[in-house]
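Trainee: would you be able to build a 3D model of this:
(one chain, ligands or ions: 1)
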Amino acid sequence: MKKVLIVGAGGVGKVVAHKCAQATDVFSEVLLASRTKEKCDAIAQEVEAMRGTKIRTFALDADNVAETTALLKAEKPDLLLNVALPYQDLPLMDACLAAGIDYMDTANYEPPEYPKFEYKWQWAYRERFEKAGIMALLGSGFDPGVTNVFCAYAQKHLFDEIHTVDIVDVNAGNHGLPFATNFNPEINIREITQEGRYWEEGEFKAISPMSVKCDYDFPGGIGSQPLYLLYHEELESLALNLKGLKRIRFWMGFSENYLNHLKVLENVGMTSHEPVKFEGKEISPVAFLRSVLPDPASLAERYTGKICIGCDITGIKDGQVKRVFIHSLMDHEETFRDTRSQAISFSTGVPATVGAIMMATEKWKRAGVHNIEECDPDPFLETMPKYGIPWEVQELDPSGAIA
Ligand code: NDP
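Mentor: Have a look, this model is predicted:
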(Lines give C-alpha, C1' and ligand atoms only; values in the text may rest on other atoms or scores of the structure.)
Protein backbone atom coordinates (compact mmCIF):
# COMPACT_ATOMS: atom_id res chain seq x y z
CA MET A 1 0.00 0.00 0.00
CA LYS A 2 1.26 3.43 -0.95
CA LYS A 3 1.15 6.99 0.32
CA VAL A 4 0.46 9.85 -2.09
CA LEU A 5 0.91 13.60 -1.67
CA ILE A 6 -1.42 15.67 -3.88
CA VAL A 7 -0.26 19.28 -4.44
CA GLY A 8 -2.97 21.77 -5.51
CA ALA A 9 -6.48 22.07 -4.09
CA GLY A 10 -8.32 23.52 -7.10
CA GLY A 11 -10.96 21.96 -9.36
CA VAL A 12 -8.67 19.13 -10.47
CA GLY A 13 -7.13 18.61 -7.01
CA LYS A 14 -10.58 17.98 -5.57
CA VAL A 15 -11.32 15.19 -8.09
CA VAL A 16 -7.89 13.65 -7.49
CA ALA A 17 -8.50 13.68 -3.73
CA HIS A 18 -11.85 11.88 -4.21
CA LYS A 19 -10.41 9.33 -6.62
CA CYS A 20 -7.24 8.58 -4.61
CA ALA A 21 -9.52 8.09 -1.58
CA GLN A 22 -11.59 5.68 -3.70
CA ALA A 23 -8.47 3.65 -4.57
CA THR A 24 -8.34 2.00 -1.14
CA ASP A 25 -6.56 -1.06 -2.56
CA VAL A 26 -3.65 1.14 -3.73
CA PHE A 27 -3.35 4.14 -1.39
CA SER A 28 -3.37 3.60 2.35
CA GLU A 29 -2.77 7.30 2.93
CA VAL A 30 -3.72 10.41 0.98
CA LEU A 31 -2.20 13.83 1.80
CA LEU A 32 -3.30 17.13 0.28
CA ALA A 33 -1.16 20.29 0.28
CA SER A 34 -1.80 23.65 -1.34
CA ARG A 35 -1.21 27.38 -0.94
CA THR A 36 -4.53 27.92 0.86
CA LYS A 37 -4.99 25.31 3.58
CA GLU A 38 -8.71 26.12 3.99
CA LYS A 39 -9.33 24.82 0.47
CA CYS A 40 -7.54 21.56 1.35
CA ASP A 41 -9.60 21.26 4.53
CA ALA A 42 -12.89 21.81 2.68
CA ILE A 43 -11.99 19.04 0.20
CA ALA A 44 -10.86 16.73 3.02
CA GLN A 45 -14.17 17.26 4.85
CA GLU A 46 -16.18 16.50 1.73
CA VAL A 47 -14.15 13.35 0.92
CA GLU A 48 -14.53 12.09 4.49
CA ALA A 49 -18.28 12.74 4.45
CA MET A 50 -18.80 11.06 1.07
CA ARG A 51 -16.24 8.22 1.24
CA GLY A 52 -15.24 7.82 4.87
CA THR A 53 -11.54 8.37 4.09
CA LYS A 54 -9.51 10.81 6.18
CA ILE A 55 -7.09 13.07 4.29
CA ARG A 56 -4.38 15.01 6.14
CA THR A 57 -3.84 18.55 4.81
CA PHE A 58 -0.95 21.02 4.72
CA ALA A 59 -0.32 24.64 3.74
CA LEU A 60 2.45 24.64 1.13
CA ASP A 61 4.05 27.21 -1.15
CA ALA A 62 5.00 24.90 -4.01
CA ASP A 63 7.25 27.59 -5.53
CA ASN A 64 9.48 27.15 -2.49
CA VAL A 65 11.69 24.11 -3.13
CA ALA A 66 13.04 23.96 0.43
CA GLU A 67 9.51 23.98 1.90
CA THR A 68 8.31 21.15 -0.36
CA THR A 69 11.51 19.16 0.22
CA ALA A 70 11.03 19.43 3.98
CA LEU A 71 7.42 18.21 3.70
CA LEU A 72 8.50 15.30 1.48
CA LYS A 73 11.29 14.32 3.87
CA ALA A 74 8.99 14.51 6.88
CA GLU A 75 6.05 12.61 5.34
CA LYS A 76 7.94 10.28 2.95
CA PRO A 77 5.14 9.75 0.41
CA ASP A 78 5.80 7.31 -2.44
CA LEU A 79 4.65 9.85 -5.02
CA LEU A 80 4.00 13.58 -5.45
CA LEU A 81 0.98 14.22 -7.69
CA ASN A 82 1.17 17.79 -8.98
CA VAL A 83 -2.18 19.40 -9.79
CA ALA A 84 -1.17 22.94 -8.85
CA LEU A 85 -0.38 25.23 -11.81
CA PRO A 86 2.17 24.63 -14.60
CA TYR A 87 4.39 27.33 -12.99
CA GLN A 88 5.05 24.94 -10.09
CA ASP A 89 6.29 22.00 -12.22
CA LEU A 90 10.01 22.78 -12.00
CA PRO A 91 10.19 23.66 -8.29
CA LEU A 92 8.20 20.51 -7.49
CA MET A 93 10.50 18.39 -9.68
CA ASP A 94 13.50 19.94 -7.87
CA ALA A 95 11.96 19.02 -4.50
CA CYS A 96 11.27 15.44 -5.66
CA LEU A 97 14.91 15.12 -6.74
CA ALA A 98 16.11 16.46 -3.40
CA ALA A 99 13.90 14.02 -1.46
CA GLY A 100 14.13 11.03 -3.86
CA ILE A 101 10.36 10.88 -4.53
CA ASP A 102 8.53 9.98 -7.80
CA TYR A 103 6.75 12.90 -9.52
CA MET A 104 3.80 13.28 -11.87
CA ASP A 105 1.76 16.15 -13.39
CA THR A 106 -0.97 16.99 -15.90
CA ALA A 107 0.42 20.05 -17.71
CA ASN A 108 3.86 21.04 -18.94
CA TYR A 109 5.93 23.80 -17.36
CA GLU A 110 5.23 27.36 -18.44
CA PRO A 111 7.28 30.36 -17.39
CA PRO A 112 4.90 32.78 -15.61
CA GLU A 113 6.17 35.75 -17.65
CA TYR A 114 5.07 34.46 -21.09
CA PRO A 115 2.99 31.58 -22.48
CA LYS A 116 5.40 29.05 -23.97
CA PHE A 117 4.18 25.48 -23.99
CA GLU A 118 7.33 23.41 -24.41
CA TYR A 119 8.63 20.26 -22.79
CA LYS A 120 12.28 21.33 -23.04
CA TRP A 121 12.46 22.56 -19.45
CA GLN A 122 11.14 19.28 -18.03
CA TRP A 123 12.97 17.03 -20.51
CA ALA A 124 16.18 18.71 -19.26
CA TYR A 125 15.63 16.80 -15.96
CA ARG A 126 15.88 13.35 -17.63
CA GLU A 127 19.44 12.53 -16.62
CA ARG A 128 18.99 13.75 -13.04
CA PHE A 129 15.85 11.63 -12.55
CA GLU A 130 17.57 8.60 -14.11
CA LYS A 131 20.61 9.02 -11.86
CA ALA A 132 18.38 9.38 -8.78
CA GLY A 133 16.48 6.20 -9.80
CA ILE A 134 13.12 8.00 -9.66
CA MET A 135 10.38 8.52 -12.23
CA ALA A 136 8.67 11.68 -13.49
CA LEU A 137 5.48 11.04 -15.48
CA LEU A 138 4.50 14.07 -17.57
CA GLY A 139 1.00 14.98 -18.73
CA SER A 140 -1.37 12.51 -17.07
CA GLY A 141 -4.59 14.51 -17.51
CA PHE A 142 -7.01 14.06 -20.41
CA ASP A 143 -5.39 16.25 -23.03
CA PRO A 144 -2.49 15.83 -22.58
CA GLY A 145 -2.89 12.44 -20.98
CA VAL A 146 -5.60 10.08 -22.15
CA THR A 147 -5.28 11.46 -25.71
CA ASN A 148 -1.61 10.35 -25.68
CA VAL A 149 -2.62 6.96 -24.24
CA PHE A 150 -5.25 6.57 -27.02
CA CYS A 151 -2.48 7.22 -29.59
CA ALA A 152 -0.19 4.67 -27.90
CA TYR A 153 -3.08 2.15 -27.92
CA ALA A 154 -3.74 2.81 -31.63
CA GLN A 155 -0.05 2.35 -32.39
CA LYS A 156 0.12 -0.90 -30.38
CA HIS A 157 -3.15 -2.55 -31.44
CA LEU A 158 -5.00 -0.85 -34.29
CA PHE A 159 -2.53 0.29 -36.96
CA ASP A 160 0.63 -0.82 -38.74
CA GLU A 161 1.28 2.81 -39.65
CA ILE A 162 -0.36 5.94 -38.22
CA HIS A 163 -0.51 8.77 -40.75
CA THR A 164 -2.66 11.51 -39.22
CA VAL A 165 -4.02 12.33 -35.77
CA ASP A 166 -6.66 14.97 -35.07
CA ILE A 167 -7.28 15.42 -31.36
CA VAL A 168 -10.78 16.87 -30.85
CA ASP A 169 -12.15 18.28 -27.62
CA VAL A 170 -15.62 19.69 -27.14
CA ASN A 171 -17.58 20.78 -24.10
CA ALA A 172 -21.21 20.74 -25.19
CA GLY A 173 -22.36 21.51 -21.64
CA ASN A 174 -24.06 24.61 -20.29
CA HIS A 175 -23.25 26.31 -16.95
CA GLY A 176 -25.81 29.08 -17.42
CA LEU A 177 -23.35 31.94 -16.75
CA PRO A 178 -22.48 34.64 -19.32
CA PHE A 179 -18.75 33.78 -19.30
CA ALA A 180 -16.52 31.38 -17.37
CA THR A 181 -13.56 29.13 -18.08
CA ASN A 182 -13.66 25.42 -17.27
CA PHE A 183 -10.26 25.28 -15.70
CA ASN A 184 -7.86 27.86 -14.31
CA PRO A 185 -8.82 31.05 -16.27
CA GLU A 186 -5.28 32.35 -16.62
CA ILE A 187 -3.92 29.06 -18.03
CA ASN A 188 -7.02 28.62 -20.24
CA ILE A 189 -6.80 32.11 -21.75
CA ARG A 190 -3.03 31.86 -22.31
CA GLU A 191 -3.65 28.62 -24.22
CA ILE A 192 -6.34 30.03 -26.51
CA THR A 193 -4.90 33.46 -27.30
CA GLN A 194 -1.47 32.18 -28.35
CA GLU A 195 -0.54 31.51 -31.98
CA GLY A 196 -2.04 28.24 -33.33
CA ARG A 197 0.38 25.54 -34.49
CA TYR A 198 0.23 22.03 -35.89
CA TRP A 199 2.88 19.52 -36.94
CA GLU A 200 3.19 18.29 -40.50
CA GLU A 201 5.95 16.44 -42.37
CA GLY A 202 8.56 16.97 -39.66
CA GLU A 203 7.92 20.58 -38.70
CA PHE A 204 5.53 22.84 -36.81
CA LYS A 205 3.47 25.25 -38.92
CA ALA A 206 2.05 28.43 -37.38
CA ILE A 207 -1.34 30.06 -37.94
CA SER A 208 -2.85 33.15 -36.35
CA PRO A 209 -4.96 32.42 -33.23
CA MET A 210 -8.36 30.80 -33.94
CA SER A 211 -8.05 31.33 -37.71
CA VAL A 212 -8.73 27.71 -38.84
CA LYS A 213 -12.14 26.17 -38.15
CA CYS A 214 -13.94 22.92 -39.02
CA ASP A 215 -17.19 21.19 -38.08
CA TYR A 216 -16.95 17.78 -36.42
CA ASP A 217 -19.74 15.28 -35.85
CA PHE A 218 -19.49 13.98 -32.25
CA PRO A 219 -21.13 10.81 -30.91
CA GLY A 220 -23.27 10.50 -27.76
CA GLY A 221 -26.02 12.84 -28.99
CA ILE A 222 -23.65 15.85 -29.13
CA GLY A 223 -23.74 16.11 -32.94
CA SER A 224 -21.95 18.58 -35.18
CA GLN A 225 -19.83 21.19 -33.37
CA PRO A 226 -17.52 23.98 -34.62
CA LEU A 227 -13.89 23.38 -33.68
CA TYR A 228 -10.83 25.65 -33.87
CA LEU A 229 -7.24 24.62 -34.50
CA LEU A 230 -5.02 25.40 -31.48
CA TYR A 231 -1.56 24.48 -30.34
CA HIS A 232 -1.62 22.00 -27.49
CA GLU A 233 1.36 20.59 -25.68
CA GLU A 234 0.84 16.88 -26.46
CA LEU A 235 1.58 17.62 -30.15
CA GLU A 236 5.26 18.08 -29.27
CA SER A 237 5.80 14.69 -27.61
CA LEU A 238 3.42 12.72 -29.87
CA ALA A 239 5.15 14.03 -33.02
CA LEU A 240 8.32 12.42 -31.65
CA ASN A 241 6.82 9.23 -30.23
CA LEU A 242 4.40 8.14 -32.99
CA LYS A 243 6.43 6.37 -35.65
CA GLY A 244 5.76 7.28 -39.30
CA LEU A 245 3.38 10.12 -38.42
CA LYS A 246 2.70 12.63 -41.22
CA ARG A 247 0.49 15.18 -39.44
CA ILE A 248 -0.93 15.89 -35.96
CA ARG A 249 -3.35 18.67 -35.02
CA PHE A 250 -5.43 19.70 -31.99
CA TRP A 251 -8.96 21.12 -32.23
CA MET A 252 -11.16 22.60 -29.51
CA GLY A 253 -14.81 23.63 -29.56
CA PHE A 254 -15.92 27.10 -28.41
CA SER A 255 -19.33 28.72 -28.49
CA GLU A 256 -19.84 32.05 -30.28
CA ASN A 257 -20.69 33.53 -26.89
CA TYR A 258 -17.37 32.40 -25.37
CA LEU A 259 -15.40 33.75 -28.33
CA ASN A 260 -17.20 37.12 -28.27
CA HIS A 261 -16.41 37.60 -24.57
CA LEU A 262 -12.81 36.61 -25.14
CA LYS A 263 -12.45 39.01 -28.08
CA VAL A 264 -13.71 41.94 -25.97
CA LEU A 265 -11.39 41.01 -23.10
CA GLU A 266 -8.48 40.75 -25.55
CA ASN A 267 -9.36 44.07 -27.22
CA VAL A 268 -9.33 45.92 -23.91
CA GLY A 269 -6.03 44.33 -22.84
CA MET A 270 -7.40 42.11 -20.07
CA THR A 271 -5.84 38.89 -21.43
CA SER A 272 -2.31 40.30 -21.45
CA HIS A 273 0.25 39.00 -18.96
CA GLU A 274 2.42 42.14 -19.41
CA PRO A 275 2.40 43.92 -16.02
CA VAL A 276 0.59 47.28 -15.79
CA LYS A 277 0.70 49.90 -13.02
CA PHE A 278 -2.53 49.98 -10.98
CA GLU A 279 -2.83 52.24 -7.92
CA GLY A 280 0.92 52.26 -7.49
CA LYS A 281 1.33 48.49 -7.84
CA GLU A 282 2.36 46.31 -10.80
CA ILE A 283 -0.35 43.80 -11.70
CA SER A 284 -0.78 41.33 -14.55
CA PRO A 285 -4.14 41.98 -16.29
CA VAL A 286 -4.83 38.26 -16.89
CA ALA A 287 -4.00 37.37 -13.29
CA PHE A 288 -6.41 40.11 -12.15
CA LEU A 289 -9.05 38.85 -14.59
CA ARG A 290 -8.74 35.41 -12.97
CA SER A 291 -9.68 36.93 -9.62
CA VAL A 292 -13.00 38.31 -10.97
CA LEU A 293 -14.07 35.33 -13.11
CA PRO A 294 -16.02 32.43 -11.57
CA ASP A 295 -13.93 29.75 -9.88
CA PRO A 296 -14.19 26.82 -12.35
CA ALA A 297 -14.99 24.46 -9.47
CA SER A 298 -18.03 26.58 -8.61
CA LEU A 299 -19.64 25.83 -12.00
CA ALA A 300 -20.16 22.17 -11.13
CA GLU A 301 -23.54 22.36 -9.43
CA ARG A 302 -25.29 24.13 -12.33
CA TYR A 303 -23.60 22.33 -15.26
CA THR A 304 -25.65 20.15 -17.61
CA GLY A 305 -24.68 18.35 -20.83
CA LYS A 306 -21.73 16.32 -22.05
CA ILE A 307 -18.13 16.63 -23.08
CA CYS A 308 -16.32 14.45 -25.61
CA ILE A 309 -12.56 14.23 -26.13
CA GLY A 310 -10.84 11.84 -28.48
CA CYS A 311 -8.36 11.08 -31.24
CA ASP A 312 -9.46 10.77 -34.85
CA ILE A 313 -6.69 8.66 -36.36
CA THR A 314 -6.01 7.52 -39.94
CA GLY A 315 -3.38 5.11 -41.18
CA ILE A 316 -2.81 1.63 -42.57
CA LYS A 317 -3.73 -1.79 -41.15
CA ASP A 318 -3.03 -4.99 -43.11
CA GLY A 319 -2.54 -2.96 -46.28
CA GLN A 320 -5.92 -1.18 -45.96
CA VAL A 321 -6.58 2.50 -45.21
CA LYS A 322 -8.30 2.74 -41.84
CA ARG A 323 -9.79 5.47 -39.64
CA VAL A 324 -10.86 5.25 -35.99
CA PHE A 325 -12.19 7.67 -33.41
CA ILE A 326 -11.05 6.66 -29.91
CA HIS A 327 -12.88 8.76 -27.40
CA SER A 328 -14.54 9.23 -24.03
CA LEU A 329 -17.85 10.89 -23.27
CA MET A 330 -18.53 12.40 -19.85
CA ASP A 331 -21.69 13.95 -18.47
CA HIS A 332 -21.46 17.02 -16.17
CA GLU A 333 -24.36 15.89 -13.97
CA GLU A 334 -22.91 12.38 -13.52
CA THR A 335 -19.46 13.71 -12.61
CA PHE A 336 -21.13 16.08 -10.12
CA ARG A 337 -22.90 13.17 -8.44
CA ASP A 338 -19.62 11.25 -8.17
CA THR A 339 -17.17 13.98 -7.04
CA ARG A 340 -19.17 17.24 -6.75
CA SER A 341 -17.18 18.42 -9.80
CA GLN A 342 -17.84 19.43 -13.40
CA ALA A 343 -16.71 17.13 -16.20
CA ILE A 344 -13.61 19.14 -17.22
CA SER A 345 -12.05 18.88 -13.74
CA PHE A 346 -13.21 15.25 -13.61
CA SER A 347 -11.70 14.46 -17.02
CA THR A 348 -8.32 15.66 -15.71
CA GLY A 349 -8.48 14.35 -12.13
CA VAL A 350 -9.42 10.77 -13.02
CA PRO A 351 -6.50 10.17 -15.43
CA ALA A 352 -4.16 11.88 -12.96
CA THR A 353 -5.26 9.34 -10.37
CA VAL A 354 -4.98 6.45 -12.83
CA GLY A 355 -1.43 7.58 -13.75
CA ALA A 356 -0.61 7.66 -10.03
CA ILE A 357 -2.06 4.14 -9.65
CA MET A 358 0.09 2.92 -12.58
CA MET A 359 3.19 4.27 -10.80
CA ALA A 360 2.19 3.18 -7.30
CA THR A 361 1.45 -0.39 -8.41
CA GLU A 362 4.67 -0.39 -10.48
CA LYS A 363 2.81 -1.23 -13.68
CA TRP A 364 4.70 1.81 -14.91
CA LYS A 365 8.06 1.96 -13.22
CA ARG A 366 11.01 3.45 -15.06
CA ALA A 367 13.57 5.92 -13.85
CA GLY A 368 13.82 9.16 -15.79
CA VAL A 369 11.35 11.69 -17.20
CA HIS A 370 8.66 10.16 -19.43
CA ASN A 371 5.69 11.39 -21.41
CA ILE A 372 2.69 9.21 -20.81
CA GLU A 373 2.57 7.67 -24.32
CA GLU A 374 5.96 6.04 -23.66
CA CYS A 375 4.25 3.72 -21.14
CA ASP A 376 2.11 0.63 -21.90
CA PRO A 377 -1.44 1.91 -22.61
CA ASP A 378 -3.21 -1.35 -21.71
CA PRO A 379 -3.22 -1.31 -17.88
CA PHE A 380 -4.11 2.40 -17.90
CA LEU A 381 -7.11 1.90 -20.20
CA GLU A 382 -8.23 -1.18 -18.24
CA THR A 383 -8.20 0.86 -15.01
CA MET A 384 -9.72 4.18 -16.17
CA PRO A 385 -13.37 2.99 -16.49
CA LYS A 386 -13.30 1.72 -12.87
CA TYR A 387 -12.78 5.34 -11.80
CA GLY A 388 -15.59 6.76 -13.93
CA ILE A 389 -14.30 7.34 -17.48
CA PRO A 390 -15.32 4.77 -20.09
CA TRP A 391 -13.76 4.86 -23.57
CA GLU A 392 -14.62 3.48 -26.95
CA VAL A 393 -13.11 2.81 -30.39
CA GLN A 394 -15.39 3.76 -33.27
CA GLU A 395 -14.49 2.66 -36.84
CA LEU A 396 -15.16 5.50 -39.29
CA ASP A 397 -15.13 6.00 -43.04
CA PRO A 398 -11.60 7.17 -43.98
CA SER A 399 -13.01 9.54 -46.60
CA GLY A 400 -14.76 11.58 -43.86
CA ALA A 401 -11.58 12.59 -41.98
CA ILE A 402 -11.05 16.34 -41.31
CA ALA A 403 -9.46 17.84 -44.46
P1 NDP B 1 -7.13 25.75 -10.12
O2 NDP B 1 -6.69 27.15 -10.35
O3 NDP B 1 -8.55 25.46 -9.81
O4 NDP B 1 -6.25 25.10 -8.96
C5 NDP B 1 -4.88 25.27 -8.84
C6 NDP B 1 -4.51 25.03 -7.38
O7 NDP B 1 -3.09 25.17 -7.26
C8 NDP B 1 -5.14 26.03 -6.42
O9 NDP B 1 -5.62 25.32 -5.30
C10 NDP B 1 -3.98 26.93 -6.05
O11 NDP B 1 -4.01 27.48 -4.76
C12 NDP B 1 -2.83 25.95 -6.11
N13 NDP B 1 -1.57 26.70 -6.24
C14 NDP B 1 -1.26 27.67 -7.13
N15 NDP B 1 -0.03 28.13 -6.89
C16 NDP B 1 0.44 27.44 -5.84
C17 NDP B 1 1.66 27.45 -5.12
N18 NDP B 1 2.64 28.30 -5.43
N19 NDP B 1 1.79 26.61 -4.08
C20 NDP B 1 0.79 25.74 -3.75
N21 NDP B 1 -0.36 25.67 -4.38
C22 NDP B 1 -0.54 26.51 -5.42
O23 NDP B 1 -6.65 24.93 -11.40
P24 NDP B 1 -7.27 23.55 -11.95
O25 NDP B 1 -7.51 22.65 -10.79
O26 NDP B 1 -8.32 23.86 -12.90
O27 NDP B 1 -6.00 22.99 -12.77
C28 NDP B 1 -4.94 22.33 -12.11
C29 NDP B 1 -3.90 21.89 -13.12
O30 NDP B 1 -4.49 20.98 -14.04
C31 NDP B 1 -3.31 23.02 -13.97
O32 NDP B 1 -1.92 22.82 -14.09
C33 NDP B 1 -3.97 22.86 -15.31
O34 NDP B 1 -3.16 23.35 -16.37
C35 NDP B 1 -4.08 21.34 -15.35
N36 NDP B 1 -5.10 20.87 -16.31
C37 NDP B 1 -4.76 19.84 -17.14
C38 NDP B 1 -5.68 19.36 -18.05
C39 NDP B 1 -5.36 18.17 -18.87
O40 NDP B 1 -6.28 17.58 -19.45
N41 NDP B 1 -4.12 17.73 -18.98
C42 NDP B 1 -7.02 19.97 -18.19
C43 NDP B 1 -7.32 20.96 -17.18
C44 NDP B 1 -6.37 21.42 -16.29
P45 NDP B 1 -5.04 28.65 -4.34
O46 NDP B 1 -6.30 27.88 -4.10
O47 NDP B 1 -4.45 29.25 -3.14
O48 NDP B 1 -5.13 29.58 -5.53
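
Trainee: who does whichever residue of the stretch 51-200 of the chain sits closest to the ligand bridge with?
Mentor: Residue nearest to the ligand within the stretch 51-200 of the chain (Cβ to the nearest ligand atom): Gly141, separated by 2.2 Å. Where C-beta positions appear, they are placed from N, C-alpha and C, glycine not excepted. Bridge pairing for Gly141 (DSSP bridges) gives the partners Gly145.

Trainee: give the contact list for it.
Mentor: Listed by Cβ atoms under 8 Å, 6 or more residues apart in numbering, the contact set of Gly141 reads Val12, Thr106, Ala107, Ser347, Thr348, Pro351, Ala352.

Trainee: return only those of the residues you listed found close to the ligand.
Mentor: Counting by Cβ under 6 Å from any ligand atom, Val12, Thr106, Ala107, Thr348 from these sit close to the ligand.

Trainee: would you turn these into TSV with secondary structure and pLDDT?
Mentor: Formatted as TSV, the ones next to the ligand among the contacts of Gly141 follow (DSSP: H, G, I helix; E, B strand; the rest coil; pLDDT from 0 to 100):
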residue	secondary structure	pLDDT
Val12	helix	96
Thr106	coil	98
Ala107	coil	96
Thr348	helix	97
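
Trainee: may I see those organised as a markdown table, with neighbour count added?
Mentor: A markdown table is the format used below for the ones next to the ligand among the contacts of Gly141 (neighbours: other Cβ atoms under 10 Å):
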| residue | neighbour count |
| --- | --- |
| Val12 | 28 |
| Thr106 | 28 |
| Ala107 | 27 |
| Thr348 | 28 |
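
Trainee: residues touching His157, list them.
Mentor: Counted by Cβ under 8 Å, 6+ apart, His157 has zero contacts.

Trainee: would you say Leu259 is within a helix?
Mentor: Yes. Leu259: assigned to a helix according to DSSP: H, G, I helix; E, B strand; the rest coil.

Trainee: number of nearby residues for the residue in the stretch 1-150 of the chain that the ligand sits nearest to?
Mentor: With Cβ to the nearest ligand atom, the shortest gap between the stretch 1-150 of the chain and the ligand falls at Gly10, namely 1.8 Å. Gly10 has 23 neighbours, counted by other Cβ atoms under 10 Å.

Trainee: so how far is Gly145 from it?
Mentor: 17 Å (Cβ to Cβ, to the nearest Å).

Trainee: now swap in Ile313 and tell me
Mentor: For Ile313, the distance to Gly145 - Cβ to Cβ - is 17 Å.

Trainee: before we move on, what about Met252?
Mentor: 15 Å.

Trainee: okay, the two: which has more neighbours?
Mentor: Taking other Cβ under 10 Å, Met252 and Gly145 do not tie; Gly145 has more neighbours (29 against 20).

Trainee: helix, strand or coil for Leu32?
Mentor: strand.

Trainee: that one reaches Lys14, doesn't it?
Mentor: No. Judged on Cβ atoms under 8 Å, Leu32 makes no contact with Lys14 at a distance of 9.2 Å.

Trainee: name the residues contacting each of these two.
Mentor: Ile43.

Trainee: and Ile344, which of the three is it?
Mentor: helix.

Trainee: in this structure, where is pLDDT below threshold?
Mentor: 115 (pLDDT under 70).

Trainee: for it, which residues are neighbours of the ligand?
Mentor: Checking the chain against the ligand by Cβ under 6 Å from any ligand atom, the hits are 8-13, 34-36, 39, 60-63, 83-86, 88, 106-107, 141-145, 183-184, 187, 296-297, 348.
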